[in-house]
Each structure stands twice: as C-alpha cells, then as structure tokens.
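[1] Got a sequence here, can you build the structure:
(chains A and B)
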2 protein chains.
Amino acid sequence: MAQKIEPRIFKGARDFLPPQMVRRNYVINIIKTVFEKYGFEPLETPTIELWETLSGKYGEEGDRLTYRFTDRGDREVGLRYDLTVPLSRVVAMYPQIPKPFKRYQIQPVWRADKPQKGRFREFYQCDVDIVGSASMLADAEIIAIIYEILQILRFEEFTIRINSRKVLSGMVEVSGAGMEKEFDIYRAIDKLDKIGFEGVAEELQKLAIPESAVGKLLDILKIEGTPAQRLDTAAGLLAGSAAGQQGVAELITLFQYLSRYEIPGSCFAFDICLARGLDYYTGPIYETVVEKPRIGSITGGGRYDNLIGLFSGQSQPATGSSVGLERIITVMEELEMFPPQLNTSTGVLVTVFNEDLLPYSIQIAGKLRQAGINTDLYTGASKLRGQFGLANDKNIPLVAVAGPDEQAQGSVNVKNMASGEQQTVPLDALVEYIRSILSGD
Amino acid sequence: MAQKIEPRIFKGARDFLPPQMVRRNYVINIIKTVFEKYGFEPLETPTIELWETLSGKYGEEGDRLTYRFTDRGDREVGLRYDLTVPLSRVVAMYPQIPKPFKRYQIQPVWRADKPQKGRFREFYQCDVDIVGSASMLADAEIIAIIYEILQILRFEEFTIRINSRKVLSGMVEVSGAGMEKEFDIYRAIDKLDKIGFEGVAEELQKLAIPESAVGKLLDILKIEGTPAQRLDTAAGLLAGSAAGQQGVAELITLFQYLSRYEIPGSCFAFDICLARGLDYYTGPIYETVVEKPRIGSITGGGRYDNLIGLFSGQSQPATGSSVGLERIITVMEELEMFPPQLNTSTGVLVTVFNEDLLPYSIQIAGKLRQAGINTDLYTGASKLRGQFGLANDKNIPLVAVAGPDEQAQGSVNVKNMASGEQQTVPLDALVEYIRSILSGD
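    Numbers count the residues shown, from 1 in each chain, chains lettered A, B, ... in the order given. Next up, the predicted model:
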C-alpha cells in the first residue's frame, strides 16, 4: 500500500453526497421543466474562457475575483465567472441563432473570494434570458417563469420587486444630482435594505451630490401608497424626464401583461427603491425577496440592451434573470420545504440471503428494475441484519427479503422501513405492491 | 457602444447550442435513469482540487496534462482530471458513507492536451462505481448497466469484452517474462487493436523479454474457440499460476451471474487480449466496442481494489466503468441514431397577431403550458410570416395561430410544420389535439 495522502478538499468548494444531490436535482429538475415549458432551450458554454472574453466585463472587483491562469500554450484564460458574458459571446459568435433566442443555462461559476457561511468559490448559477426582443412581453415571460418556479417549489411568502433603470435614471435627472453619478447613486440605493434611508442619505452625501438633490432623491424613494399608487405618483414626479416617462410607461405595460398571466397581484410589486448592483441594466429590473428567512434576494435580473453588443458590435435587446439556486436550496433546507424521503433516489433494497439464493434475488431485482423502480441489489458481504442496517443508513424506504421460504413459495417479504410493517407478497404482485407504497397510496 | 471584442472560444472547448444540448440531455437522461434504476446514487465533486490530491495519480502524462495553477492564497490547485480520484478522496474523507457505496457521477473533466478531431480539452465523463464490494456481483451489476444503457440507446452491434488482470498476471507469470515488466506488457497488449500481433511482438521484444517468453505470451493471446472454450483453454494454460487460477475462477463466477441478468450471450465475451491502459486495475476489466464506426471503446472499466486506499490508508474493494458519453454521442450522430425531432425541447410556438390580440395569445400559451406542453410565446417584432420562419429555424414542430377570426370563434389554427397541414381547433380541444400530434398518435 502506498503512503496515505490526507484527503482534503479545496476551501470554498463542496462535495455533494447523494442525499444532497437528490435534493439539488429535485430543485434543478423543477426549474428546467418550467424553463422548457415556457419555450426556453438549454445552452452550455465552456468552463475555460479566454481572458480577453472575461476581462473588464465585471468591473475591477470581477477582474480580481476571476480564477486566471496561463495555459501550456501561453494563452491567458479564466474560469467562467457568470453566465451572461458567455451568452453575449455565444450570440455574437453564432449569428445564425434564431431570434428571439430564449435560452436557459445551469452551470457552475467560480469566484476567487474569501469563503464564508453561504458563500462559496464554486457554485451553480441558473440563468434564463431572451435575446432579441425589446418587448415588455419578454420581461413578463421571465417574471412569469420566476413566479411559477417558486409556486411549484412551495414558496409561500415572496415578492417579486419590480422597478426600471429608466425610472431611476429619470429620478436622478429630475433631482439634479448629475447623470455622471448615476451608477454610484444606484449602488448607494442598492444598500437600502442593509443600511436604511439614513445610511443611503450618508452614502449619497459622500458622492458630493448637492444637499437639495439628496433631499429630492430621498423624497422620491420614500413615496407611499399601494404599488399602483406609487407608480402613479412616480409618473407625476418624473414628468420632467423623458427617460423617466418612458420607464413608467414600460412598467405600466409590463404590469398589464403580468395581470394576463394570472399571477396574483400580491406576488409582485412596483418598488422604486429597487436598484440592483450591476451597471449594465437599461430597463426593467426585478428581484425576488422572501419574508423568511432574511437571506437577500433569491432571484435577480433585468433588461440589459447594450451588453450583447460588446461582442457582436451590434446592439441586441436582452432581458433575463438569475434564479438563485444555491440560496433557494439553503432556504428550502432551513424551512424544511423538501418533501420528506427526498434523501435517496432508491426505492427498494433487495437483500441476498446466501450465494445459493442469489439467482432469486437477481430475478426479483430484475423484475423491479424492468418496471422502472429504482432498486439496489445488495453486493456486500453482510448477513441479513447488516443488509437492513444498510437500507436504514441509506434511507431506502423498502427492503425486499428473499429467503428460502419465500423462494419456495415464489414470494417476497417486503419491509417498510418507516412503519416497520412487513408483508409477504407473491412475486407476480410485487411490482404493483411496491409501486403503491412508494407512491404513498 | 464600447469597442467591439472579437468573440472567440478557448481552443478544444465547445459551446453546446440548443439542438446539441437537447440530444446530449437525451443521452444523459437515459444513462442517469438506468444508473438510478440499479440503485446507484448521484455524487458531484468540485472542479478545483488541491494539487496534492491530483498529483501523481495519473502517471507522468497525467501530471503534465492537468490544468494547474496557483490560487490567490498561493495554494497549488488543478482542474478535475477524471472522476475516479475524486471518488477515492470522497470515500476517504467521509467514512460515514454506507458501503457498498453505489455512486454515479456525470461531470466535465479537463486535459491540457492538443485538441484534435474528437479530442477536447473539456469533456464530460460519466462514471458508475461500487466501492466496498469484493463480490463478482458488483462487477456483474456494472456490466448489466452498460448493456441496458446501450440497448435503450438502440446500439445494435456491440460487444462487452471481458478479461481479468489476474488472468493477465497469471499469463505473465507462466510465460517467464518477469513480473516486474507486468504493466509494460499490458500497455503493449493494449495496442493490439491498432498494431496487430506482430506489432505487439515487436513491442514485447523492445521490453527485453526473453524470446521464449514472448512466444509463450503470444501463444496464450492467440488461443481460439468460442469465448467459453477460450476461458477453458486459458484455465489449463494458467494452471501453474495462483493468480491466473483465481482470475479464471472469478471470471467463471462473473459469467454465471451475467447469464442470470438475461444479457444475451452475443453481447459479452471473454477476451484474453483485453488489457486496458491504466495500472490500477486488479481484477476483472471490461470495455465495450462497437462494430461500426471504428471508434475504439465506448465504455471502459474494471476492478481497482487498491486505489481507494491511497487516501483512506485502508484498502477498499472497488469496481466500475466510464460510460463514454462523448463517443456515444459521436457514434449516434454519425449513424443517425437520434430520434428525429430531437433538436428542440419546444413543442409549439404561439404566434402574436398584433398587440390587441396579445392577451388571447397569452391565454393560449398559458393553457398549453399548464398542460405541461413546452410552448414558446412569440416575443419578437415580426409579422406572422416571420413568426413561421422562426418556428422553422428553431425546428418547432407546431405553430398555433390566434388571429381575429380565431379569437372571435374561441379557436386556434394549428399548423404542422412538417406536413404543412393546418387545422382549426376549438380552444377547449387544443391541449388534446396538440398532445396527440406531439406524441405521434
């Protein structure tokens, strides 16, 4: 035996053992199914991108946090940092892709960040975007998808907050704060949830914005009433800005569309305080917050009509959202929202009584597998007691015992591990019996 | 608009656009379904592993071909090179994992290799392994899985070649070639398909093996008859080697088990010329070759009872196989084995006649989506003609037109894009009508 190597994992990375994988796959499958139901199609891009593709797209911090290295051919490369820049590259490289291009993409990304609770160096992103449509219908499709995914995952209290960069831009314009400070102002507003209005006021003052402009910005951010009333008030306050007016008009259209999708009005709301951190948004922006636990947003996105042109040289309207897979899983674990039993993909363990009876066990496993029932056949060296222990440790709900008596009778003894109940079933009725227990009938 | 960046992809990496993704997902889903049907559970490990984990595990070539870099914390790291070493690390790190551990893993790996036709720097591996079982039943489970996957994918002419490292070891022992040259001899035999018996003889001579030993090795490699006869002959020839005898006995047991799985005898065969390239195999080895096209093996694996101990310090019997996802897809593309229509995940495009009729189109799309039919709703700015063009370009089989007449009648006009047939269907009957066309009834 070679010298033992201490097994260690790269910090900030994770192994997903079967129980976690089963829950992750459950969430991913629901998300995929909804994406495809709305006519979105899958895309995958490489892990390694040329550095020239990634460089400068995520700001200074992004450049710093990208895993970068030089390959053997002396090419500067980096690991995928998000899924939006690769989408932009793909749209530019393959002009033959039919538009509007409705694509989804679920792949890991990497950040050379300090690992913390809930923050990893390798994590999945899950994006859904429409490239080539300037219509608010495209934004409505994305929001409808988010609503449906959260419904199916049984999220109960969530709000999809909706605003528009054009509305924010109009606000900056009418406040007199100066358009050159637009993005700094958005970043300050983006901190509102954490630092409150007073904190935002301080941040704005740091930007050397005239006191009167700070006051006007805060007045607008603090408008009150129902979401519809607030949109109405905003329309009045932004009347002096063409961008602001257009932003309000687009949001009105968007909300009309959303009402057609039969999304309950309680699940989405105009929120003038929503700013989002990234510079590239140009129109509606949207994110989902859950009331409990306080974890920040679980989805986030918006319209970015100029980013695609960075590669194609030709502007393409685009809108889309990230679905925060990792946060959704965290919330679902914390609130115990996963269906019970979702910690194994296996339904039955078929035991092996002894070598002589092995053919009978193989026959039983074959029958179950042929019927599409996920069936483990015991391959270890333990006696029956140890085999039950294995089923227990692996959370397998049913154990099928095939001893000499059962073989003689052409039957199988099935033990329900949760209830402890045992039942001897003729081989012919086994599939039906096991199906009925596994489906919870 | 910022300066245009020429969109380029890292050489040896690939973008998978929707039509390819749909076919890849089709294959992956079948493989996953079979793995889970046999009671195997999913595992995922990180892309970035500590260099100490990867280093030296794949021989000199592997060290050279691993993408390696130093992270911001000065840690030496590398990108996942295969799925077997991460499995070994996982088994050692989490001793609580119940054994036998039946896991599957489908993730990309990276090789800093020269890209060639069919050889990529980033590609998927797809592994299925049992850790903690020394029984030939474990090997039989793996081989049964391979058979079932290839059956479902409609591979017709394939052979699962089976041999044992113990048989080969016995052969080296009785030949008098010297056990210290064991692995060099296996690597020479591994080239048989490419260089023939004469070529192998030359390779063996290069190893400075006595002429008589080369002759004996070739005599054994050339044994004739049916697979069963050959195993019988081998048993006789290897009678002088304890390892050889054990190898033959294990294969006899394995073949007995396989016959219980109802795998046709024509699909697997004892083949004493099968050697496999890797050093770590210790028992049965197996690979699948297809007759047409000549592409090498599409699956490969075997028993490796000592590798796991490298991390755990404690030997664990293990056996498993890679399913060559990329090669399988290549073969299926070349032989046109994919079901027709498998180039989109979308079933219907719902057109939008004009802004006034948009609510009706949203209603129709909602109805179809609610029924689980993958439905694109047109979000672009083209007239009806352009919308039909989009459906055509995206390979969407059906187009649902909702013009003023249809709205007035509460109906939808459905065009079958393949046959050109058009039919007006009442809204109430739409789901059923579209389901019947999509399911090919």
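[2] all helices of the stretch 301-441 of chain A, in order?
    For the stretch 301-441 of chain A, applying DSSP state H, counting those that start in this stretch gives helices covering A:309-312, A:325-334, A:358-370, A:384-393, A:404-409, A:430-438.
[3] Distance of the nearest residue to A:Val167 once chain neighbours are set aside relative to chain B?
    Once flanking residues are discounted, A:Val167 sits nearest to A:Gly247: 3.8 Å by CB to CB, 6 or more residues apart in numbering or on different chains. All C-beta atoms are positioned from the backbone trio N, CA, C, and that covers glycine. Using CB to the nearest CB, to the nearest Å, A:Gly247 is found at 20 Å from chain B.
[4] now A:Gly247: how far from A:Glu173?
    Between A:Gly247 and A:Glu173 the computed distance is 11 Å (CB to CB, to the nearest Å).
[5] what's near enough to touch A:Ser345?
    Shown in contact with A:Ser345 (CB atoms under 8 Å, 6 or more residues apart in numbering or on different chains): A:Pro18, A:Val22, A:Asn25, A:Asn374, B:Glu36, B:Glu41, B:Pro42.
[6] dump the residue contacts of the residue nearest to A:Val167.
    By CB under 8 Å, 6+ apart, the contact list for A:Gly247 reads A:Ser164, A:Arg165, A:Lys166, A:Val167, A:Leu168, A:Ser169, A:Gly170, A:Leu238, A:Gly283.
[7] For the nearest residue to A:Asp82 once chain neighbours are set aside, give the beta-bridge partners.
    Closest residue to A:Asp82 apart from its sequence neighbours, by CB to CB, 6+ apart: A:Val109 at 5.7 Å. Judged by DSSP bridges, the bridge partners of A:Val109 are A:Phe123.
[8] what about A:Val109, distance to B:Glu41?
    In terms of CB to CB, A:Val109 sits 25 Å off from B:Glu41.
[9] go on, A:Tyr26?
    Using CB to CB, A:Tyr26 is found at 13 Å from B:Glu41.
[10] Looking at those two, which one has more neighbours?
    A count of neighbours by other CB atoms under 10 Å in any protein chain shown puts B:Glu41 above the other of A:Tyr26 and B:Glu41, at 23 against 17.
[11] what bridges to that one?
    Counting by DSSP bridges, the residues bridging with B:Glu41 are B:Arg103.
[12] residues contacting it?
    By CB under 8 Å, 6+ apart, the neighbours of B:Glu41 are A:Pro18, A:Met21, A:Val22, A:Thr344, A:Ser345, A:Thr346, A:Lys394, B:Lys102, B:Arg103, B:Tyr104.
[13] Compare those and tell me which is most surrounded.
    Using other CB under 10 Å as the neighbour criterion, B:Lys102 leads the contacts of B:Glu41 with 27 neighbours.
[14] Please tell me how far the residue nearest to A:Asp82 sits from A:Ser212.
    In terms of CB to CB, A:Val109 sits 43 Å off from A:Ser212.
[15] cool, A:Pro426 as well?
    A:Pro426 is 86 Å from A:Ser212, by CB to CB.
[16] do A:Glu157 as well
    For A:Glu157, the distance to A:Ser212 equals 39 Å [CB to CB].
[17] now swap in A:Leu377 and tell me
    A:Leu377 sits 77 Å away from A:Ser212, going by CB to CB.
[18] where do the strands sit along the stretch 201-350 of chain A?
    A:268-270, A:284-290, A:297-303, A:318-323, A:348-350 (DSSP state E, counting those that start in this stretch).
[19] repeat for the stretch 1-150 of chain A
    Under DSSP E, counting those that start in this stretch, the stretch 1-150 of chain A gives strands at A:41-42, A:48-50, A:68-70, A:76-79, A:101-110, A:122-131.
[20] okay, the ones you listed in a markdown table with mean pLDDT and distance to A:Arg260 next?
    Shown next, in a markdown table, are the strands of the stretch 1-150 of chain A (pLDDT from 0 to 100; distance: least, CB to CB, whole Å):
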| stretch | mean pLDDT | distance to A:Arg260 |
| --- | --- | --- |
| strand A:41-42 | 98 | 24 |
| strand A:48-50 | 97 | 39 |
| strand A:68-70 | 94 | 46 |
| strand A:76-79 | 97 | 41 |
| strand A:101-110 | 98 | 18 |
| strand A:122-131 | 98 | 17 |
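[21] Could you dump the ones you listed into CSV and include distance to A:Tyr186?
    Below are these laid out as CSV (distance: least, CB to CB, whole Å):
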stretch, distance to A:Tyr186
strand A:41-42, 32
strand A:48-50, 27
strand A:68-70, 28
strand A:76-79, 26
strand A:101-110, 23
strand A:122-131, 21
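[22] Out of those strands, which is closest to B:Met332?
    B:Met332 lies closest to strand A:41-42 among the strands of the stretch 1-150 of chain A, at 17.7 Å (CB to CB).
[23] Figure out how far that closest one is from the centre of its chain.
    Centroid separation between strand A:41-42 and its chain, computed with CA atoms, centre = their mean, to the nearest Å, is 15 Å.
[24] In the stretch 151-300 of chain A, which residue sits nearest chain B?
    Here the stretch 151-300 of chain A gets closest to chain B at one residue, A:Arg260, 4.5 Å apart by CB to the nearest CB.
[25] Contacts only, for the residue nearest to A:Asp82.
    A:Leu79, A:Arg80, A:Tyr81, A:Asp82, A:Leu83, A:Glu122, A:Phe123, A:Tyr124, A:Gln125.
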